[in-house]
Every structure is written in C-alpha cells, then in structure tokens.
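# A structural model of the following input is requested.
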Amino acid sequence: MPQMSQENARLWLLLLIVTVALLSQNDAPGIIAAPFFGTSRLGRLRDAHQVLNSTKWGDFSPHAVVDGAPPWQAPRYLNLTGFRGADDYAWDDLAYFKDRCRQWSRHAYPPLKGADEWDHGPVPKTWQNATGTVHGRWVRRPGSVVRQARNYNLSAIAPGTNWMHSHGEWGWNVTGSHGTIVLSLLEDESDAAYEEDKEDGKPPSSWGLAREIVAVADIQDEDHSAGSFAIRLHGVHWPRQGSMLLTTTTEKFLGVFGLPHLVPGPEFYHTGQGLLNQTLGKVISKKEGSTFGGSSNPWTPVVGEEISLPLPRCEYVVYLQLHALEPEYIGKDGLDDRLMPLVDQLETELRFPTGAPSNGKPDLRMSLVAWSPDCSYYLESKGPPLFPSIEGQHLVGVKSEVLLSRTRTCVFGFAAVLMAQLWLLKMQIKESNTPSTLGRISFHTAAIMVLADGMVFGVSSAWGLSATNNFLPSLILTFAAFMSMSIGAWFLSEIYTHQEPERRRAQARANNAGTSRTSSAPAATTPSQPPPPPPPGTLPLPVTAGPARTSSPPIIIPSDQDIDAEIAANTSSGASTLPLPTGTTTITTATNPTTPQASPFASITGTLLLVGVAIFILLGISSTWPPRFRSALFHLLSFAYLSLWTPQIQRNVWRNSRRAFAWRFMIGQSVLRLAPFAYFYLRGDNILFVEPDGIVFAALVGWVWCQLVVLAVQDVLGPRVGVPAAWMPDVWEYHPLLREEGAGDMEGGSGGVGLPIGLVSSSGMQGSRESSPVTARRRSWSAGEGGGEDGGKRREREKELRRHRMVLREIDCAICTEVLEVPVVRADAKDAAAAGGLVGVFARRAYMVTPCRHIFHTKCLEGWFRYKLQCPICREELPPLKLTSHLPRPVVTGGRGGRLRKPQRASPGDFTRSRTGASPKCDQEYAFGWKFVVTMRSLAMVVGNLPEIWTSKGF
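Purely as a prediction, here's the structure:
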C-alpha cells in the first residue's frame, strides 16, 4: 500500500475542507449574521401581540372582491406582516385549505352519528400526546392563484430588511409532483396549557383544551433533482380532537401571531387565541428583559440555528389530524372494565412502564395538509380516500417512547454484532500467529474491516456526547466499536510488519527493472585513446596487460580496521597535531544527523483516518442531493464495503495459496457484517425510517455469496483455477520429477538445477541396509503411522519402481531427522515424464524440494511453513506452496515463543486419504464439509496429473 507523508495528508485534508466549504450550498447562517430582532423590532412584535389579543373570529376574511357587494361583505385583513392585503399573498385559497382540513378530520376521526362534525364524545380515541416521528408520501396540488417570487415586493412587505438573493427563486419551494416527508413532533405536557371554562352539566368539548407543539418536517422532492430541506414549525394541538395547526414565522410572515385565524372552525379559535396570548406574551417579555437575547428568533423555521439570514423562503401552514386507534387496542367504546379510557392507560404504560398486559403498541398515524400562502401550492399526504391503501397510508410512525425502545434494542444488537466480530477476530489471530500465515492475509481486506469499525466508533462517540435517554446503549456500542477497531488495528499492523520483506522485494524488482531499461538505452561512446608509448629503455607491455593504473596517495589504515574510531581516538588524545607522512590523505566521514521519522504504519493509519473523514464529509454533503443520487451513493459505498473478500481472492491468486482465513471467520464475518444492512433494507419500521429495498439487499447478499464461492473454489480446486498462466508469475513446483542424469536436473518445476543437495544413491547398500544405524531408522516414504514395513513388501515395492525405471535415493530430513527415501528416474529412461506411472505420481507427494536444492518431508516442510517461509537449512526466502491448503497445526510448547514439536512424517496412505496432512484431531476442528473438501482435493490432484498417467500407460 503506498505511503503518504504527514505533510501531504494535512495538505489534502485542508484542500478537501476548503473545497467542501466553497461548493456546499447551505442557507443556514454563518458566525456573523444580521439579527432578527433589535430594539426597534421588539416594538413591532409587541404590536403584533396586541393585534392577536384584540381581534376576534371573522376579522380575517380574505376573499376575492365581489362587485356590488355590501360593505360588511368586503374582504378583511389583519395588520400583521403577511396578513395584509397589500402583501398580495394567495389568501384567496384560505377557504379551500380550511375545507380540506375538515375533510381530512372527518375521514381520520369520524364524529358521532347525528352529532356535530367536531363532536366525538367524552371518551378520547386518539393519542393525547402526539410526541413521536411519522413518515409517508405526499402529492402536490397547485393553488388557484399563481404566485412567483417576482410577484412580491419584499422591501414593502418587510421594510428595513436587507434580503439576500431576493431576485432569484425562493428557498423551500417544492416544484415536484410527489415526494416523501419525515415529521418529528415534540409536545411537552409540563408546559402551560389553556382550557376553557366548563359549563355546568355539559361534557368537555373536543376543542376545549389546547397545548403548544413544535414539529420539524424534512421534505424531500422525488420528482426533481432537488435536495431535501428541513423546516421547524410552531403551533397548537387540540388533544381531545387530535387536530394540530402549525406554521412558520419569519420577517415576511408572522404566522404564529395570526394562527388562530387560520383554524378550520370558530370552535378552535378561542382556545388557540388564549394559549398563544399567554405563551407569546411570555416570550416577548423575556426578550424585552434580556440584555443579550434580543438577536434570536424563538420561532425561527431554520433547523439547528437561532439566528437566520434574511433569505426569502416559502412559508407553510400545516394541518395535522391524528387517526383514531384501532378497536383491537381500545375496543369499540374505548373504555376498560372500570370505565377508564384505554388511551390514557396506554400512554401511561408507555411513559412509565409497569409490565401491564396489553395487546401491543399502536402506531402513530395522522393525515397532513400543508399550504404555502406565498408560493401558492398544497402538499397532501397520500392515502385513503383519494388514493388506495397500497399506495400510501398517510403518515405512519411510532410514539417517542416506542422509538426510544427500538433504538435501544437496535443499539444493543449492533453492539452484540461487534462483539461477535471481535470474538471471530480473536480466534483468527490465534490461528494466524506466524509470519507464514500472516503473509497470506490480504492487507486491504483487513483494512476495510478496520475502517468500517473505526467509522462506527466515530459515529457512536459523537452520538454519545449528545445522547441523554440512550447514553448507556451508546456507551456500550462505543466500547464494542473501540475494542473491535483497536484489536483489528493491531492485527493490521502485524500483517503490515510481516509483509514488509515482500514489499521490499517488490520495490527492488521494480528498481531493477527501471535500471535495466535505463542501461539498455544507447549510451554515447567516446573514441578510445591509444595507450602511451613505453618509456625509453623498457620493454613493451604484453597484449593481455590492462591499462596502466594512476598513482594514488597511500591510505593509512588503523590496526583495528575502524577508521572512524581511530580518528576519534587520535583527535581526543591530541594526536591530530602530529604531522602526517607526505602523500597521505586524511579520510573523514560525514555523519548526517538522524531525524526522527514516523513509523510506516502511522502513515497508513493516517490514510485510513483521512479516508474515513472524507466518507463522512461526502455523506454529509449528500444530504442535500436528490434522493436518486443519494441512494446511488449509499448503494455504492455498501457495495465497496461488502467487497472485502475481493482483495483476498486477488492475493490468493497472486501468491498461489488456497486460503488465508478460517472458514469460520469468513462465513461469520460475512453474516455479521450483512446483519445491519438486513435491518435497514428489509424492515420498514427501522429507526431511521429508511424505505426497505429487498432487491438491493438481495444483490448485496449475492455479491458476498459469489466472493465466498470463489474462495471455496480456490480452496478446493486451487487458487489459480480458470486463470491463464500467462497472467500470473511463475510458481515453484515443490514436487518435481527427479532424474538420475549426470549431475542431475529437476523437471516439472522451474528448469534443471540439479538433484537436491545430499541426495546419494542407495545402490550397493543392500547388504548392510538392516545393520546400518541410518537405515535402521523408520523410513518415511514406506512407513505408516505404526512403524516400518517388512522385507517382502519392501522388495515388492522396489521391484515395482524398477519396472517403472526408477531407483531409490536416501537422505536425512533436516526437520524430523528421519530417513527420507526419494524415488528418482533412472538415467537410461527414454521418457522421464512417463517413468514411474501412477505410483511415481503419488510417490512424489511424499517429498518437497526447495529452490535452494534442499529436500524435506512434505508434512515436515508444510508444518515449517506455518511459521516461516524460509529454508530450514540455509534460511533462504521460499515462495509460497503451490496448491497449498490449510496446513497442519503444529504443536507449540511454552506459549507463542515456545519450541515447535517435531511434525509427523508422510506416508503413502496419507495422500490416498487427504493432501492436507492434518491429523484426525485437526480434522474434527474443521468438520464442516470436511469429507467433501477431501474428496474434491483428491479428485483435483488426480485430474491435475492425468497427462502424466496417460503418458505412463502408453496412450
């Protein structure tokens, strides 16, 4: 992986932040912003409050002028910004808006039969506290009056305000025909509520109680390439009726002061006016008495900011109607056996759970009608009766208590997933604890896992700083993510450290290739000068003599051969003042000051951190993108993250190794890392209200499954199956065909380099074979697990080898110190490849020959390779095994740095049973599919040697 210096990393991060700051479009205020309120403007707000307190129902009656109508039927307006006739807002559609509100209310919460449209009886059947989150789809309907930004004179509507971008299109303007909305409502029952006086003998009316409510609406236009926007609305909730009316409040529209005149009927006017008179008056009095609080707008529609820039935006008036709860939760009359309202009991149980039995937790459902009086259009929730239920159910969500419970469950589940990933990683670290096993692991695969865990740690840490109700779950998630990230980073550093020689060799090969290309270029040649004539009186030099050497001054070498030490000693003792002999040259060595350098892995960590920050910034910017582009970005990041096994597949092919991770680790990590995607892609009631998409999730699962299938094929049939040999570097053949020919050569590998060192002929030793202390030891090629073979079987085997033009050579294995008998093709064999037959094919699997011409037992060298890819004798670097699968696990005594026990020797029965060299105990640890894997490996070995068997049979 290329390294990046700290200076370059800081520079790239600075450039990225500057680019994002310049390209991002955000209408939120900066650090320095024009104040919404001032001393002179507080007076205007006090006047608006006086207008709210002094007006009555019917004082605001905007409609088209009718010719010849009496004066009392003329349109009437209020002296409020945005409610004046001179402002020219589209108030002609106010009657239609009120009519739509009544229609939604009658459908969502039908009144009693034969009663008034607002009479629902004394028993409530809707949620009395609307705090929660809902989401759904909306459709846009144009108003009867067309209004555009150029139709308004903002200087006349809000004098004294320096509007920004007043000549362009207004913000928050929805032009598409459909989209989605996520609405979060907050209603605090501890705040003051307004309730009208009850008349004696009459039940309380549905409009007799009013409370304050605040909502944040995130509106997304899916029909056009426009980003989503969030607005904050303030209004009134009538809990007995389940109706809510909210509006925006800006410098060009004092919506909250005129809100009582926008209600659908006079029944709600008095309670709404009484509530707003109290609450708005307290806020204005607090502003007047505050010294430093006069520049903030407590009713600002900009989310996340109290000081908003004077940007012209579309204003909104939103009407919400809660749906009645289903009879399965509250019955037909809404009362229990004690004649107590079941809705109140449900809300009390949600807020203060006692474990009381219930039929479930009802959803929070409501209908929406939003109207923009200045931009003149409507947004209506999609659902019955205008649309079938399959196309939408209006706005559906859950109460805040239910959402909080689901969030806790989801966070605890995610923390359990991270701990399970950590357990799998711990088990893999125990198995990959040697340079050889660490060398097979792809650095990029481990880096993807660490990067993902690090991003989870960053998100959970930031969330934990602001979490109040979910602090404990966020803390547990942060701890699990930190442990997974830390241990994963340590494992990544071990991989990086043990793969450092490989990177150095690759860099050296690249440098040598560049040097060879440079040296092959034609160099400018200068004509050679003839040698000078010899001095008079001397004989000429012979023809083979080289050019005469120029005289050089003598160099004094200290006795200890350490020039620097001698010079330092002479300097310290004053010897430097002594005269040097004539013609000598003082040798000085310049020592460069050593500068501390950062660890190479530190730069890799910085690169991963920079990548994570860039992804977070990209995700933040994408929040303003169109939904299609934002979804495409998320799908692309998910696809890249779940491609974590692709680098490992590439490394297996390049190094020609079957498997680096245990199957338990690969399957477990794949399932665990797919679990969060399954939650958000398959569950419609997820905590982020993301729309499910089963097709995309199926594609992601299929992609991960394809990677695991490729890894399984590499494990069974070989890492390079189906890959052209010309695309890959040459691989050393550790089981070559040995031929007795002069000094000998090896065929079938990388060319003839001679027989292995120390391999001597066993001919002439027949008489002393049994008495020799060397041959008396158990011979590994023919011996089984229980001991040696009898003389009859040995003579039969030697006869079979001679029939195939082969002889036995003997050598001691340097690992187990046992005798290794190697079959060698005789020198008089006409075709060395055809010699040996099927017996020779299996016999060659008993030994392994290294490029440095040392020979060992197959099991011995494979066990050694689990610790080092070096020759046990000369310590030369060795290439990976060809078609090497899971190597036998050596037994180590004394911990990780203990002594390696002697591995078992090979026998012909081992290769007819399996080629892994694993003991039955080791096989039990990998019992999943073991018989199938062994069968397929044996089949692959026979199929790979079919050409040799075919030739040996004479076909």
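
# can we go C-alpha only for contacts and neighbour counts from here?
OK.

# just the helices in the stretch 701-850 of the chain please.
Secondary structure of the stretch 701-850 of the chain (DSSP state H, counting those that start in this stretch): helices at 791-803, 837-843.

# and those, which one is worst for confidence?
Confidence, taken as mean pLDDT, is least for helix 837-843 of these (a mean of 66).

# hmm, who's touching whichever strand or helix holds Gly179?
Remark: Gly179 resides in strand 178-186, with elements defined by DSSP states H and E. Residues outside strand 178-186 that contact it (Cα atoms under 8 Å, 6 or more residues apart in numbering): 130-140, 213-223.

# which among those residues end up buried?
Buried members of the contacts of strand 178-186, scored by 16 or more other Cα atoms under 10 Å, are 130-138, 140, 213-222.

# Beyond the top helix by length along the chain, next helix or strand please.
Within the chain, and with DSSP state H defining each element, the longest helix by residue count is helix 400-431. Toward the C-terminus, helix 400-431 is succeeded by helix 435-440 as the next helix or strand (DSSP H and E).

# what about that following helix, average pLDDT?
85.

# and if you look at stretch 334-349?
pLDDT averaged over stretch 334-349 gives 84.

# related to what we said a few turns ago, neighbouring strands for the strand holding Gly179, and are they parallel or not?
strand 132-142 (antiparallel), strand 209-221 (antiparallel) (DSSP bridges).

# Mind checking what helix or strand follows the last one in sequence?
Moving toward the C-terminus from strand 209-221, the next helix or strand (DSSP H and E) is strand 229-238.

# now do the shortest one
Toward the C-terminus, strand 132-142 is succeeded by helix 154-157 as the next helix or strand (DSSP H and E).

# Quick check: buried residues in that following helix?
For helix 154-157, by 16+ other Cα under 10 Å, it's Leu154, Ile157.

# where's that helix relative to the chain centroid, distance-wise?
50 Å (Cα atoms, centre = their mean, to the nearest Å).

# Now it - C-alpha only, CSV.
Only the C-alpha atoms of helix 154-157 are listed here, as CSV (Å, rounded to 0.1, in the frame of the first residue of the first chain):
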residue,chain,number,x,y,z
LEU,A,154,-40.1,42.3,-0.2
SER,A,155,-38.9,45.8,0.6
ALA,A,156,-42.6,46.8,1.1
ILE,A,157,-43.5,43.6,3.0
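
# Mean confidence (pLDDT) on it, please.
Mean per-residue pLDDT for helix 154-157: 90.

# ok, residues contacting it?
By Cα under 8 Å, 6+ apart, the list of residues contacting helix 154-157 reads Thr81, Gly82, Asp87, Thr161, Trp163, Ser166, Lys252.

# rerun that using 10 Å as the cut-off
Helix 154-157 is touched from outside by 80-82, 84, 86-88, 160-163, 166-167, 251-253, 312, with contacts defined as Cα atoms under 10 Å, 6 or more residues apart in numbering.

# Can you list the low-confidence ranges for the stretch 851-955 of the chain?
881-955 (pLDDT under 70).

# ok, Ser54 to Ala193 distance?
Between Ser54 and Ala193 the distance is 20 Å, computed by Cα to Cα, to the nearest Å.

# What of Met455?
Distance, Met455 to Ala193, by Cα to Cα: 44 Å.

# can you check Gly758 too?
Taking Cα to Cα, one finds Gly758 at 100 Å from Ala193.

# Which one's more surrounded, the two?
Set Gly758 next to Ala193 and count neighbours by other Cα atoms under 10 Å: Ala193 wins out with 19 against 13.

# Surely that one touches Asn277?
No - counting by Cα atoms under 10 Å, Ala193 stays clear of Asn277, with 11.5 Å between them.

# joint contacts of these two?
Common contact partners of Ala193 and Asn277 (Cα under 10 Å, 6+ apart): Thr271.

# Quick check: which ranges of the stretch 251-400 of the chain have low pLDDT?
In the stretch 251-400 of the chain, residues with pLDDT under 70: 290-296, 305-309.

# where do the helices sit along it?
Here the stretch 251-400 of the chain has its helices, by DSSP H, counting those that start in this stretch, at 269-289, 327-330, 342-351, 400-431.

# Go through the ones you listed and name the closest to Tyr319.
Closest to Tyr319 of the helices of the stretch 251-400 of the chain, according to Cα to Cα: helix 269-289, at 13.8 Å.

# could I get the strands paired with strand 178-186 as a markdown table with mean pLDDT?
Output for these, formatted as a markdown table (pLDDT from 0 to 100):
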| stretch | mean pLDDT |
| --- | --- |
| strand 132-142 | 95 |
| strand 209-221 | 93 |
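
# which one of these lies closest to Leu246?
strand 209-221 (7.8 Å).

# Please save the CA atoms from stretch 508-517 in CSV.
The C-alpha trace of stretch 508-517 is given here as CSV (Å, rounded to 0.1, in the frame of the first residue of the first chain):
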residue,chain,number,x,y,z
ALA,A,508,13.7,-3.9,-5.5
ARG,A,509,12.4,-5.7,-8.6
ALA,A,510,10.8,-2.5,-9.7
ASN,A,511,14.0,-0.6,-9.2
ASN,A,512,16.0,-3.3,-11.1
ALA,A,513,13.5,-3.2,-13.9
GLY,A,514,13.9,0.5,-14.2
THR,A,515,17.7,0.2,-14.0
SER,A,516,17.7,-2.4,-16.8
ARG,A,517,15.6,-0.2,-19.0
